[in-house]
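[1] just the structure for this:
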Amino acid sequence: MLRTLAFDADDTLWHNETHYAETQEAFRTLLRAYHDDAWIDARLHDTEMRNLQHYGYGIKGFTLSMIETALELTEDRLDGAGIRQVVELGKTMLAMPVESLPGVTEVLQELSKDFELMVITKGDLFDQETKLARSGLGIYFSKVEIVSEKDEATYAAILERHVIPADRFTMVGNSVKSDILPVLALGARAVHVPYHLTWAHEQVAAPAEAAFPVLASIRDLPALLRGW
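    So this is what the prediction gives:
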């Protein structure tokens, strides 16, 4: 039985948070006549958190949260042209090319010889499916799970559904909150590959007792796995 090696997608396989950062800067520019950057960022984050239960993760929910925040911060004075600008920001994000992170293709090619590779990522189903297809990386993965949340219960359900013992499962991702801690709690292994930008919602401090490797680059993953 092959060991299963699962990867997060956004900011582990391809760039994602950079696109959000660029869009958020354009959003700030639109609203700077009304508020300073820090206040705009704080209100947008609050709106996103409030709307997760309605829209989940992904660009479409982010765009709706930007519209709501823009109306709130302008006290409904933002006109149709302004709202159209925000909508176009969201459409631009959806149309951005999918750029694989350095070394990803080579690492997947190597590891696919010895592991069953899997994607486990959260977000909008259509958006994530199309990004995987456009990335050209889908050929390396035998299983793809796009979920609304990545917590212990979600991972447990995935392992049960695919009949994967926890001791034969390893998760690779950039988020300690979503990719590392829930997996360790199940008795599986996890590998942290940090990205230089991390959404505030995903930033948590790992407990002192949580032991997991941290890699500077995904290129270091094959050597780590050979050592295991």
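[2] CA atoms for contacts and neighbours, from now on please.
    Noted.
[3] can you verify my assumption that residue 147 contacts residue 121?
    Yes. Look at residue 147 against residue 121 with CA atoms under 8 Å: they come within range, at 6.2 Å.
[4] so which of those two has more stuff around it?
    Between residue 147 and residue 121, counted using other CA atoms under 10 Å, the more crowded position is residue 121 (23 against 18).
[5] could you say what helices and strands the helix or strand hosting that one packs with?
    Following DSSP states H and E, one finds residue 121 within strand 115-122. Under the contact criterion of 3 or more CA pairs under 8 Å, 6 or more residues apart in numbering; DSSP states H and E, strand 115-122 touches strand 3-7, strand 143-147.
[6] export those to CSV and append columns for distance to residue 136 and mean pLDDT.
    CSV is the format used below for these (distance: least, CA to CA, whole Å; pLDDT from 0 to 100):
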stretch, distance to residue 136, mean pLDDT
strand 3-7, 15, 97
strand 143-147, 14, 96
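[7] most tightly surrounded among those strands?
    Greatest average neighbour count among these goes to strand 3-7 (a mean of 21), per mean count of other CA atoms under 10 Å.
[8] buried stuff in the least confident helix or strand in the chain by mean pLDDT?
    None of the helices or strands of the chain scores lower by mean pLDDT, DSSP states H and E than helix 17-31, at a mean of 88. Buried residues in helix 17-31, defined by neighbour count with 16 or more other CA atoms under 10 Å: 17, 20, 23, 24, 27, 28, 31.
[9] and what of stretch 62-74?
    Within stretch 62-74, the residues that count as buried by 16+ other CA under 10 Å are 62, 63, 64, 65, 66, 67, 68, 69, 70, 71, 73.
[10] what strand or helix carries the residue in the chain sticking out farthest from the centre?
    Farthest-out residue of the chain from its mean C-alpha position, per CA atoms, centre = their mean: residue 77, at 33.2 Å. Element membership for residue 77, per DSSP H and E: none, as it lies in no helix or strand.
[11] and for it, nearest residue in space, chain neighbours not counted?
    Here the nearest residue to residue 77 in space, its sequence neighbours aside, is residue 71; by CA to CA, 6 or more residues apart in numbering that works out to 6.9 Å.
[12] helix or strand next in line after the helix or strand the one you found falls within, which one?
    For residue 71, the enclosing helix or strand under DSSP H and E is helix 59-73. Sequence order places helix 80-95 as the next helix or strand after helix 59-73, per DSSP H and E.
[13] mind exporting that following helix as PDB, just the C-alpha atoms?
    What follows is helix 80-95, C-alpha atoms only, in PDB (Å, rounded to 0.1, in the frame of the first residue of the first chain):
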ATOM      1  CA  GLY A  80     -22.500  52.200  -9.400                       C
ATOM      2  CA  ALA A  81     -19.200  53.000 -11.100                       C
ATOM      3  CA  GLY A  82     -17.400  52.300  -7.800                       C
ATOM      4  CA  ILE A  83     -19.200  49.000  -7.200                       C
ATOM      5  CA  ARG A  84     -18.400  48.000 -10.800                       C
ATOM      6  CA  GLN A  85     -14.700  48.700 -10.000                       C
ATOM      7  CA  VAL A  86     -14.900  46.300  -7.100                       C
ATOM      8  CA  VAL A  87     -16.600  43.600  -9.200                       C
ATOM      9  CA  GLU A  88     -13.900  44.000 -11.800                       C
ATOM     10  CA  LEU A  89     -11.200  43.500  -9.100                       C
ATOM     11  CA  GLY A  90     -12.800  40.100  -8.400                       C
ATOM     12  CA  LYS A  91     -13.100  39.200 -12.000                       C
ATOM     13  CA  THR A  92      -9.400  40.100 -12.500                       C
ATOM     14  CA  MET A  93      -8.500  37.700  -9.700                       C
ATOM     15  CA  LEU A  94     -10.500  34.900 -11.200                       C
ATOM     16  CA  ALA A  95      -8.800  35.400 -14.600                       C
END
